[in-house]
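J.: sequence and predicted structure are below.
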Protein chains: 2
Amino acid sequence: MKKLLIVYAFLISIFAIYLFTYYLKDSILNPFDQSDKRLQGDIGETYVMVTFSAGIEYWKSAIKGFEDAATDRNVSVEYRGATQYDSHEQITVLEQVIAKKPAGIAISAINPYELNSTINKAIDAGIPVVLFDSDAPASNANAFLGTNNYSAGVTGAHKIADLLGGKGNVAVITLPNQLNNKERTNGFVETISNDYPNMKVVAIKDGKGDQLQSEKAAIDIIKSYPDIQGIFATEANGGVGIADAAQSLKKDMKIISFDTDKRTLDKIKEGAISASLAQGTWNMGYWSLQFLFQHHHGNSELQADRQSKQSAVIPDNVDTGISIVTKENVEEYYAD
Amino acid sequence: MKKLLIVYAFLISIFAIYLFTYYLKDSILNPFDQSDKRLQGDIGETYVMVTFSAGIEYWKSAIKGFEDAATDRNVSVEYRGATQYDSHEQITVLEQVIAKKPAGIAISAINPYELNSTINKAIDAGIPVVLFDSDAPASNANAFLGTNNYSAGVTGAHKIADLLGGKGNVAVITLPNQLNNKERTNGFVETISNDYPNMKVVAIKDGKGDQLQSEKAAIDIIKSYPDIQGIFATEANGGVGIADAAQSLKKDMKIISFDTDKRTLDKIKEGAISASLAQGTWNMGYWSLQFLFQHHHGNSELQADRQSKQSAVIPDNVDTGISIVTKENVEEYYAD
């Protein structure tokens, strides 16, 4: 009798557990069904970001955006960069990445031509590729996300004209082989020429993306054109180099730079650089991953059943926008 | 004694339930912690899409994209459209939507000017707004997602020139007050004028976005210019109307249309329309919601701690791309 009651007690407890978990399944486990409708990756799904001149502060915010999106989508990311400013090294890195068959690749191209065949090899292997920051427009990559660099140059021209009261000689220190820098230069030069009859771009020099080379180029310009009123740097090392040149020659002029690394922000705070053009670099990284993820999943049959077949095609081009950093708002840019 | 055993049995079963659910919490409920890292909305978070001429097939794919993204993010969507092609009605609808304080609004603007103050009212009330398909560039909206309409017009010009062997008189039937249609017209007209010396745009007429009005406009053109070789329609009703006009007058000419509604696809299949320019409308809806979601969550303090502060700023502009539909690939476009 006693034993029988214990058996009953166990049977009752098992039944109670059954009922309880049944209830639990319906009320608490239901969100699983719902989250199943959402696009989820898995941790073995790896997206790779490939840059050049790896390790420079510039990429930090784009990498952060890429990582934030990976956390959002529950996928893995890897970051690979050519250590030097060397196209052959970037091609080698990209070949190695392709060999591992990742779920997608985001690349910033060191120049607009030399990576085309390697990018196309990835596309042919079924790996989605997006370009960010610096495009390779003739490649078969799926999208480009970056600053509209021509518009950025236009913004730079209006800003320097504003600071100089619309008159004076100005110059540009740039990276002539890199498409984004070329477009910034064109936007700047054409706007000065079209909109400011009392201004002239007297020199365009190659700073090689390097602080010392840019300082040297700026010294050359200041010596050749003693009446120079301002210089536009199309990338951050250039801006710092120009500021150093102006300081060492005690030359008073307006400097418009690009991007928001710590040295640039410090020099804006000191007044050595007048303004800098801040790009939406976090957005480049974040939406690069979201687009690659969408393309990867939009092409799977499972996903095609759930979503429109159009989800396999991602947008062509994203202008991630620009904002102007000056002494007035520089503190906000130290935040990240 | 018997009663005591029953009490024990209940105690044992309660303890068993406790142990079991404790175990369950640890092993099954853990994914909740993980998904907590991901950006999740809640079902009370409502995003609203506002269009004009509601109910036309054109919006179907953009709405599907908006809904797919809402499923992905676990948020709610509402669709509100002015029933007529009437800017006052769209302003009224938008005012009603703003009053409900949704988490974000995606609008296709009926014209580029009249909605500005209402859009700015939403922004001032802290509601993120993106424009899709048809922009209001002077408004304070956070982003525009749509076809680069000038580029689409360029594509249309090259296609019609290709079909006509680079010679002959052509015309455009458009909606002159709508910015997207205006840009498509400009891209088409400037490309014909710059790139095709043996071609000429002899007429640009208002089809009012209506099939019968466009048919009437096309009849006028064909009668005024009997040697007309082709007409470019900057929106879908126009293309169908032009095809009807050509058929009723037994006029043999090339017609390039826009978009991929069923009537257009049927007429491509029949050979009545030569080609149509397909927009990435699903992408417009999908990424509109993703951007609004990002903006909404990027601005919350909770999110700002997790992600970069830059996540509060979304990209400026997305070109959702174009593809050409012809008899050869028309079947693919019936899919959705």
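T.: It's in. Numbers count the residues shown, from 1 in each chain, chains lettered A, B, ... in the order given.

J.: and the residue lying closest to A:Gln40 once chain neighbours are set aside, how far is that from B:Asn140?
T.: With Cβ to Cβ, 6 or more residues apart in numbering or on different chains as the criterion, A:Gln40 has its nearest non-adjacent residue at 5.7 Å, and that residue is A:Asn74. Heads up, the C-betas are built off the backbone N, CA and C, glycines and all. Distance of A:Asn74 to B:Asn140, computed by Cβ to Cβ, to the nearest Å: 35 Å.

J.: out of these two, which sits in the more crowded spot?
T.: A side-by-side neighbour count of A:Asn74 and B:Asn140, using other Cβ atoms under 10 Å in any protein chain shown, places A:Asn74 first with 17 against 13.

J.: what's near enough to touch the nearest residue to A:Tyr150 once chain neighbours are set aside?
T.: Distance criterion Cβ to Cβ, 6+ apart; nearest residue to A:Tyr150, sequence neighbours excluded, is A:Gly187 at 4.0 Å. Neighbour list for A:Gly187: A:Asn149, A:Tyr150, A:Ser151, A:Ala152, A:Gly153, A:Val154, A:Thr155, A:Gly156, A:Ala157 [criterion: Cβ atoms under 8 Å, 6 or more residues apart in numbering or on different chains].

J.: A:Val240 against A:Leu265, yeah?
T.: No: if you go by Cβ atoms under 8 Å, A:Val240 and A:Leu265 don't touch, sitting 10.7 Å apart.

J.: the two: which is more packed in?
T.: A:Val240 (23 against 20).

J.: that one - that's part of a strand, no?
T.: No: assigned with DSSP: H, G, I helix; E, B strand; the rest coil, A:Val240 falls outside any strand and is helix.

J.: pLDDT weak spots in the stretch 201-336 of chain A?
T.: Residue ranges of the stretch 201-336 of chain A with pLDDT under 70: A:299-312, A:335-336.

J.: now do the helices in it.
T.: A:211-224, A:236-248, A:262-270, A:281-298, A:301-306, A:330-334 (DSSP state H, counting those that start in this stretch).

J.: in the last one, which residues are buried?
T.: Within helix A:330-334, the residues scored as buried using 16 or more other Cβ atoms under 10 Å in any protein chain shown are A:Val330, A:Tyr333.

J.: and for it, what's in contact with it?
T.: Under the contact criterion Cβ under 8 Å, 6+ apart, helix A:330-334 has outside partners A:Thr260, A:Lys262, A:Leu265, A:Ile268, A:Lys269, A:Ala278, A:Val325.

J.: equivalent analysis for the third one, please.
T.: Residues outside helix A:262-270 that contact it (Cβ under 8 Å, 6+ apart) are A:57, A:236, A:239-240, A:243, A:257, A:273-276, A:325-327, A:330, A:333-334.

J.: now do that helix: distance to the chain's middle.
T.: 21 Å (Cα atoms, centre = their mean, to the nearest Å).

J.: repeat for the second one
T.: Taking the mean of its C-alpha atoms, helix A:236-248 sits 24 Å from the chain's own mean (Cα atoms, centre = their mean).

J.: also stretch A:170-188?
T.: Mean-position distance between stretch A:170-188 and its chain equals 18 Å (Cα atoms, centre = their mean).

J.: now the end-to-end length of that stretch.
T.: Stretch A:170-188 has an end-to-end distance of 10 Å (Cα to Cα, to the nearest Å).

J.: now do the buried residues in it.
T.: A:170-175, A:177-185, A:187-188.

J.: what's the answer for stretch A:271-280, then?
T.: A:Ala272, A:Ile273, A:Ser274, A:Ala275, A:Ser276, A:Leu277, A:Ala278, A:Gln279, A:Gly280.

J.: please apply the same query to stretch A:210-223.
T.: Quick answer for stretch A:210-223 (16+ other Cβ under 10 Å): A:Asp210, A:Gln211, A:Gln213, A:Ser214, A:Glu215, A:Lys216, A:Ala217, A:Ala218, A:Ile219, A:Ile221, A:Ile222.

J.: other residues contacting it?
T.: Stretch A:210-223 has contacts (Cβ under 8 Å, 6+ apart) with A:171, A:173, A:202-203, A:205-208, A:228, A:231, A:233, A:237-242, A:244-246, A:248-249, A:251, A:253.

J.: by neighbour count, which of the contacts of A:Gly187 wins?
T.: When neighbours are counted by other Cβ under 10 Å, A:Gly153 leads the contacts of A:Gly187 with 30 neighbours.

J.: if you skip the residues just before and after it, what's nearest to it?
T.: Spatial nearest neighbour of A:Gly153, excluding adjacent residues (Cβ to Cβ, 6+ apart): A:Gly187 at 2.4 Å.

J.: distance of that neighbour from chain B?
T.: 15 Å (Cβ to the nearest Cβ, to the nearest Å).

J.: same question, A:Ala99
T.: Taking Cβ to the nearest Cβ, one finds A:Ala99 at 30 Å from chain B.

J.: cool, and A:Asp261?
T.: For A:Asp261, the distance to chain B equals 14 Å [Cβ to the nearest Cβ].

J.: quick check: closest non-adjacent residue to that residue.
T.: Using Cβ to Cβ, 6+ apart and skipping residues adjacent in sequence, the residue nearest A:Asp261 is A:Glu57, 4.4 Å away.

J.: quick one on the thing from earlier: pretty sure the residue nearest to A:Gln40 is touching A:Gly41, no?
T.: Yes: here A:Asn74 reaches A:Gly41: they are 5.3 Å apart, a contact under Cβ under 8 Å.

J.: is it correct that A:Leu94 is in contact with A:Val50?
T.: Yes: counting by Cβ under 8 Å, A:Leu94 touches A:Val50, with 5.7 Å between them.

J.: what's the overlap in contacts for these two?
T.: By Cβ under 8 Å, 6+ apart, the residues touching both A:Leu94 and A:Val50 are A:Ile105, A:Ile107.

J.: hmm, back to that, just confirm the residue nearest to A:Gly153 is within a helix.
T.: Yes: under three-state DSSP, A:Gly187 falls within a helix.

J.: if anything else comes up later, I'll come back, but that's it for now.
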